[in-house]
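Asks: My questions concern the predicted model and sequence given below.
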Amino acid sequence: MATILQIETATQVCSVALSVDGQTTYLKEIAAQNIHASSLTLFIQDVMQRSGLDFNALDAVAVSKGPGSYTGLRIGVSTAKGLCFALDKSLIAVDTLKMMASGFIKQHAGYTGLVCPMIDARRMEVFTALYSVNLDCVLPVEAKIVDEQSYRHELHQDITFIGDGAMKCADILAHNHAHFNSDNFNSAGAMSQLAFDAFQLQRFEDLAYFEPFYLKDFMITQPKKKI
């Protein structure tokens, strides 16, 4: 039996879950700006208290590795690594976009199209990839500027676009085979099966060297000069 604590902080959603053998048993999450630093450890404590388990009962800690928000990922990964160091537990890293696609597929049994998770970057740019219903990668993870020609080759079949970057692209991607779902799939509960699969394969990260998958370098914006 594998009991795994799961952390997702790649977007504005702060999410913590506990799973047993790939099934989510407890979940706490909220979507709001700039709450990860103040809320993440409280959410972890709440989930563990409701489960009635001691932290030492965990078999591993899983974290959403990105791409996504630089600050959110840094907070999530540093918290996960800290727990693993303190408890002498293994760290599992789950691809954020694949996690989102997995969450959608689990909720939509019988869907036969492709799934395109999108995380809002800025302007018309998104972090994205394209997956089949078997979670095979059709198009690799990339930082993509979306325009009228995006996905035109793939839209010979149904594609459902999900995530906080999808809705801003709805007008520009309008097509008979393009569908948009605004539900939240940036949830720690959506990584349960992926984390369990990694646990069974003993696919663990090196605590000393693991870093989030930022995809793009962190950009520091210079403040405007006051006149």
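Replies: That came through, no problem. Residues are numbered from 1 along each chain as shown.

Asks: Now do the longest helix along the chain: everything it contacts.
Replies: Identified as the longest helix of the chain according to DSSP state H is helix 70-87. Helix 70-87 has contacts (Cβ atoms under 8 Å, 6 or more residues apart in numbering) with 5, 7-12, 36-37, 40-41, 44, 55-56, 58, 61-67, 89-91, 207, 210-214, 218. Heads up, the C-betas are built off the backbone N, CA and C, glycines and all.

Asks: For Cys14, see how far away Val126 is.
Replies: Counting by Cβ to Cβ, to the nearest Å, the separation of Val126 from Cys14 is 21 Å.

Asks: Please read the previous query as pertaining to Asn181.
Replies: Remark: distance between Asn181 and Cys14 (Cβ to Cβ) = 21 Å.

Asks: Check Leu135 too.
Replies: Distance of Leu135 to Cys14, computed by Cβ to Cβ: 25 Å.

Asks: which of the two has more neighbours?
Replies: Comparing Leu135 with Cys14 by other Cβ atoms under 10 Å, the one with more neighbours is Cys14, at 27 against 16.

Asks: still on that earlier bit, what are the buried residues along the longest helix of the chain?
Replies: Under the neighbour-count criterion of 16 or more other Cβ atoms under 10 Å, helix 70-87 has 70, 72-77, 79-81, 83-84, 87 buried.

Asks: if we can go back for a sec, show the buried residues in the contacts of helix 70-87.
Replies: Buried, going by 16+ other Cβ under 10 Å: 5, 7-12, 36, 40, 44, 58, 61-67, 89-91, 210, 212-214, out of these.

Asks: Can you tell me which of those end up in helices?
Replies: His36, Leu40, Ile44.

Asks: CSV please, covering the residues you listed and showing pLDDT and distance to Leu139.
Replies: Putting those into CSV (pLDDT from 0 to 100; distance: Cβ to Cβ, whole Å) gives the following:
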residue, pLDDT, distance to Leu139
His36, 97, 29
Leu40, 98, 31
Ile44, 98, 34
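
Asks: Distance to Ser51 for these - can I get that in a markdown table?
Replies: A markdown table is the format used below for those (distance: Cβ to Cβ, whole Å):
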| residue | distance to Ser51 |
| --- | --- |
| His36 | 21 |
| Leu40 | 17 |
| Ile44 | 11 |
